[in-house]
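Visitor: below are the sequence and a predicted model; questions follow.
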Amino acid sequence: MIAQATAEAIERAAERLRSGGVVAFPTETVYGLGANAFDARAVARIFEIKRRPSFDPLIVHVLDDAMLREVVAAVPNAAAALMAHFWPGPLTIVLPKRAAVPGIVTAGLPTVAVRMPQHPVARALLATTGAPLAAPSANVFGRLSPTRAEHVAAMLGKEVDCILDAGAALFGIESTIVGFEPTPTLLRPGAIAAEEIEAIAGPLARPARNAPVSAPGQLARHYAPATPLRVIEPATVPQERRERSAAVGLRERFAGYAAARVLAADGDLRAAAAALFEVLHELDALGLERIDVQPVPERGLGTAIMDRLRRAAR
Ligand code: TXA
Ligand code: MG
């Protein structure tokens, strides 16, 4: 399962990524668990493998400026200055996302976290795959971030398609994350000291301790549909309460609603997770009175789906 990161192993790993696989790879900070950022189903598998009970927005890794432009819609001057100084390297920047980036990557947020890694194996993998890679740290939920391929193998060896080994990670701590809305803000301290960033960008706001962004997973609360959502078995909803509402079923398209969507016709929870945020955004845009969402089984990715729905419900 562990493969020395030779040119051939990287080529095979890139092949896996192009066909929807999940690959663990070294970066200069920690090992990441990567999937093609444009492939919602492959990204859903990352959450499944990490056994996260909720959807946390992921960092998208890009090779160069051209790949960056496929992912982000705009780059403010302050962000461009930081990129010029620290990229490639362990700095992550949060920017407005392009529509092509699936909602599951950003947990429904309109922004995407991006970074251009400096590790030669991460760069070779990005170049060979030819697509941006969404990659959180390659650990099981609640466990330490892996700084060696062996750490990944011990936690996730059976589930990932390949682990590229390039020895110990240089920094051994995750990237620093900076956002720009509404002002330049240190969202996560990390491998580049805040002072170094402030020397380029000026003073950074620090979210208060316990602020939502400082705790992984809680950030997803920032996105909730504007339309009131409830988790309810649509089959139990009387016809007169369906007419001005939307319904989301796992496999079933419920009749009598103004709009009805199915998350996964075959009931596959990975496919359902991949579709969830897109479906909610789409129905939210219709401006109906309510969205009724059928509960899904709480196993595998169903746990994260239900967590997300309960946060969105009101
Ligand atoms: O060093 C690193 O950054 C490693 C390597 C693999 O690159 N990756 C990593 O990813 O640490 P992860 O998934 O463990 O951390 C992602 C964090 C989220 O918990 C959240 O705090 C922040 O990035 N994040 C992602 N998208 C965001 C967004 N749109 N807005 C604000 N914060 C975001
Ligand atoms: Mg992590």
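Guide: Nice, thanks for sending it over. On a predicted model such as this, the values are computed, not experimentally measured, just so you know. Ligands and ions are numbered 1, 2, ... in the order given.
Visitor: low-confidence stretches in the protein?
Guide: Applying pLDDT under 70 to the chain flags the ranges 208-223.
Visitor: residues of it that sit close to ligand 1?
Guide: Residues of the chain lying close to ligand 1 by CB under 6 Å from any ligand atom are 27, 29-30, 32, 56-59, 90, 92, 94, 106, 109, 111-113, 135-137, 174-175, 177, 179, 187-188, 213, 216, 219. All C-beta atoms are positioned from the backbone trio N, CA, C, and that covers glycine.
Visitor: what about the helices in the chain?
Guide: Counting by DSSP state H, one finds helices in the chain at the ranges 7-18, 40-50, 65-71, 77-86, 103-106, 120-129, 149-156, 194-201, 269-284, 302-312.
Visitor: which residue, other than its chain neighbours, is closest to residue 14?
Guide: In this structure, residue 14 finds its nearest non-sequential neighbour in residue 128, 3.8 Å apart by CB to CB, 6 or more residues apart in numbering.
Visitor: are any of the residues of the chain next to ligand 1 buried, and which?
Guide: 27, 29-30, 32, 56-59, 90, 92, 94, 106, 109, 111-113, 135-137, 174-175, 177, 179, 187-188, 213, 219 (16 or more other CB atoms under 10 Å).
Visitor: quick one: the strands in the stretch 201-314 of the chain?
Guide: 229-231, 245-249, 259-262, 290-293 (DSSP state E, counting those that start in this stretch).
Visitor: between the ones you listed, which one is closest to residue 163.
Guide: For residue 163, the closest of the strands of the stretch 201-314 of the chain is strand 259-262, at 35.3 Å, according to CB to CB.
Visitor: which strands and helices sit next to the closest one?
Guide: The helices and strands touching strand 259-262, judged by 3 or more CB pairs under 8 Å, 6 or more residues apart in numbering; DSSP states H and E, are strand 245-249, helix 269-284.
Visitor: flag every buried residue along it.
Guide: Buried residues in strand 259-262, counting neighbours by 16+ other CB under 10 Å, are found at 260-262.
Visitor: how about those residues in CSV, adding distance to residue 229?
Guide: Shown next, in CSV, are the buried residues of strand 259-262 (distance: CB to CB, whole Å):
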residue, distance to residue 229
260, 15
261, 13
262, 17
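Visitor: OK, contacts around the closest residue in space to residue 161 that isn't next to it in sequence?
Guide: Leaving aside its chain neighbours, residue 161 sits nearest to residue 21 (4.0 Å; criterion: CB to CB, 6+ apart). If you count contacts by CB atoms under 8 Å, 6 or more residues apart in numbering, residue 21 has them with 35, 42, 161-162.
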